[in-house]
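Visitor: Sharing a sequence plus its predicted fold:
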Amino acid sequence: MNVQTLFIVGLSVDIAGAYLVARGLLARPEDVRRQASTRVGSNPYVEFRLTEDKVDGRFGLVYLVLGFGVQILAYVLTVWSKASTDYGSGPALAGLAFAAGALLAAVLVYALLRELFVLRELGRITLYNVEGELVGERDTHTLQVYAAFRGYRGRHESEDTAEYLRETVGIDPSTGQVAPLKAIRRAARRLRHLGGTGHG
């Protein structure tokens, strides 16, 4: 990999970051309808969409800073080495391959970790009051709506809500803790299913 390739890698990561920062603004019509509807108490769709937007924004910001940092490094290395003369189709194709790899890696990290961070934020929002005190199982409605919306198995009527959230969703409403491996494994299964190599 030559120094010019770093510029392309940085730009690819920046593209992923820019998309994630803007993702919340690109809401589908059905998402807008859910958020705009009136509910008794509070609207769980608004809570979890704002939480998802926050997580997407954080990932996007990290990717933007990382991408610009790689470009700055490439510039410094180029100036330091008095500009490399690696040109032609070989270096260009290698640069494109590295760019595609960087973009794929950024998307993969995001896809594997997004749900974990969304669940952590939702836990903070729904299981704690504004003073930061754990209220626990008193307000789990938003978490249950989020689970149903994201395709988790539904809770059976005879099933304890706390046990359902712990075992199926991977969040403990009595502590607000999220089981990270459970969220990552679920995301990996979903990716395999989307890729056609597994049965989610």
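Guide: On my side now, so go ahead.
Visitor: Could you use CA atoms for every contact and neighbour count after this?
Guide: Noted.
Visitor: dump the residue contacts of residue 58.
Guide: residue 21 (C-alpha atoms under 8 Å, 6 or more residues apart in numbering).
Visitor: Grab the longest helix from this structure for me.
Guide: As assigned by DSSP state H, the longest helix anywhere in the chain is helix 89-127.
Visitor: Which residue ranges of this protein form strands?
Guide: For the chain, the strands defined by DSSP state E occupy 171-172, 177-178.
Visitor: would you list the ones you listed in CSV and tack on mean neighbour count?
Guide: What follows is these, written out as CSV (neighbours: other C-alpha atoms under 10 Å):
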stretch, mean neighbour count
strand 171-172, 23
strand 177-178, 18
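Visitor: of those strands, which approaches residue 124 most closely?
Guide: Taking C-alpha to C-alpha, strand 177-178 is the member of those nearest to residue 124, at 9.2 Å.
Visitor: Return the list of helices and strands in contact with the closest one.
Guide: helix 89-127, strand 171-172 (3 or more C-alpha pairs under 8 Å, 6 or more residues apart in numbering; DSSP states H and E).
Visitor: Between those, which one is closest to residue 184.
Guide: Of all the helices and strands packed on strand 177-178, helix 89-127 sits nearest to residue 184, with 5.5 Å by C-alpha to C-alpha.
Visitor: So for that closest one, what gets flagged as buried?
Guide: Across helix 89-127, burial judged by 16 or more other C-alpha atoms under 10 Å covers 95, 98-100, 102-103, 106, 110-127.
Visitor: and the residue most central in space within the chain, what does it touch?
Guide: Centrality entry for the chain: nearest residue to the mean C-alpha point is residue 114, 2.6 Å, by C-alpha atoms, centre = their mean. By C-alpha under 8 Å, 6+ apart, the contact list for residue 114 reads 55, 56.
Visitor: shaky segments in this structure?
Guide: Confidence mapping of the chain against pLDDT under 70 gives the ranges 79-89, 91-92, 136-139, 196-200.
Visitor: start to end distance for stretch 148-158?
Guide: One end of stretch 148-158 to the other measures 17 Å (C-alpha to C-alpha, to the nearest Å).
Visitor: how near is the residue nearest to the centre of the chain to residue 148?
Guide: Separation of residue 114 from residue 148 (C-alpha to C-alpha): 17 Å.
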